[in-house]
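Undergrad: no FASTA, just this:
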Ligand code: NAD
């Protein structure tokens, strides 16, 4: 008989095309009079829409969020926040902007409304990874979890195709690892499988037409479900490796997930055959690890760590770092096994 423990993380979600029209109402619902708006580059039109929606409730803006949430950037934003006497945070952007919002909420206790523009899923997790002196440290706390998420599908239409692909695979990675997590449960399993089929269906459509609104809605829906998976159950080897490669080798977050995922799936396949079968069914392929690789390759996504700028000489060090502390994974994690996995990923070979 299956046994499990399930804890959900409460967040309010508003989803749809034009959902930004509800933003002011959502800010007021949290009792905020003056908010700090966080945004970033490449989102000028969306930022203008958010400013308009906030009207007189906009107190100040900060646009300097950076990947992996460096503490120096958080300190700059904190100074702007304190200067403005804001009583809430609104963040428009991908995981980097959401990370900054979470870092500010952790330090001030202020409520957050997130408008995600990528598929990273951070907006529904109580987790924050911050980088200090070149080391990324992750923590989890209810203070970090954003109160409200406004998913406006229109804001994802501008996400360039390469980022759409890698960010979509980032969402797939949350779902895949949730299915073989030691904390797996029937609710998260269902969400993970739905997320996988939605991504597998929507990415090829977006490769044909990045402005396909229905496919964008499916992918954002998948990102939300996958984000819930990430928030609810512990992740395994894949997330540990990507965390190490991002934090210690400065590799880009979503492309690293995209390259590494098929190789971690191949590494874990024999130890989790039922899960791989369910993933293969959801992807609509005969074999999950090679099917995942083929999906990425057919979309023109990155397949090798070499192309992401990973030095071959760093593979042993990465394996050592990723295996320095034990964590749950279906197949036991050894430095030798991980070096082999990373070597395959570095060359970009198709898992057999
Ligand atoms: P990102 O937020 O850094 O965005 C990547 C680039 O895309 C940026 O240049 C951004 O300006 C641009 N962009 C974003 N949305 C756009 C849009 N709609 N149109 C045009 N350009 C757009 O990338 P990401 O992959 O979303 O986030 C990565 C960060 O999030 C990492 O630091 C990672 O650790 C963190 N993360 C955290 C969690 C968590 O639960 N704590 C989960 C996932 C990711």
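TA: Nice, thanks for sending it over. The structure presented is a predicted model; accordingly, all values stated were derived computationally and were not measured. Residues are numbered from 1 along each chain as shown.

Undergrad: Now do residue 323, the pLDDT please.
TA: Listed pLDDT for residue 323 reads 90.

Undergrad: cool, and the one 10 residues further on?
TA: As predicted, residue 333 sits at a pLDDT of 94.

Undergrad: which SS state does it fall under?
TA: Three-state assignment for residue 333 (DSSP: H, G, I helix; E, B strand; the rest coil): coil.

Undergrad: For it, grab the count of nearby residues.
TA: Residues near residue 333, counting by other Cβ atoms under 10 Å, number 21. Using the backbone N, CA and C atoms, a C-beta is placed for each residue, glycine as well.

Undergrad: Which residue ranges of the protein form helices?
TA: 23-29, 44-54, 71-84, 95-108, 161-179, 186-208, 213-232, 237-249, 253-268, 273-283, 288-299, 315-322, 335-347 (DSSP state H).

Undergrad: So for the fifth one, what gets flagged as buried?
TA: With burial defined by 16 or more other Cβ atoms under 10 Å, the residues of helix 161-179 counted as buried are 163-179.

Undergrad: Those: which ones sit near the ligand?
TA: Intersecting these with the contacts of the ligand gives 163, 167, 170 (criterion: Cβ under 6 Å from any ligand atom).

Undergrad: can I get those in TSV with pLDDT and distance to residue 296?
TA: Shown next, in TSV, are these (pLDDT from 0 to 100; distance: Cβ to Cβ, whole Å):
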residue	pLDDT	distance to residue 296
163	97	14
167	98	12
170	98	12
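
Undergrad: ok, so of those residues, who is nearest residue 294?
TA: Residue 294 has its nearest neighbour among those in residue 170, at 18.1 Å by Cβ to Cβ.

Undergrad: residues in the protein within reach of the ligand, list them.
TA: 40-43, 67-69, 93-97, 99, 117-118, 120-122, 125, 127-129, 155-156, 158-159, 163, 167, 170, 230, 253-254.

Undergrad: Would you write a PyMOL line that selects the buried entries of the residues you listed?
TA: Command for PyMOL that selects the buried part of these, burial taken from 16+ other Cβ under 10 Å:
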select buried, resi 40+43+68+69+93+94+95+96+97+99+117+118+120+121+122+125+127+128+129+155+156+159+163+167+170+230+253+254
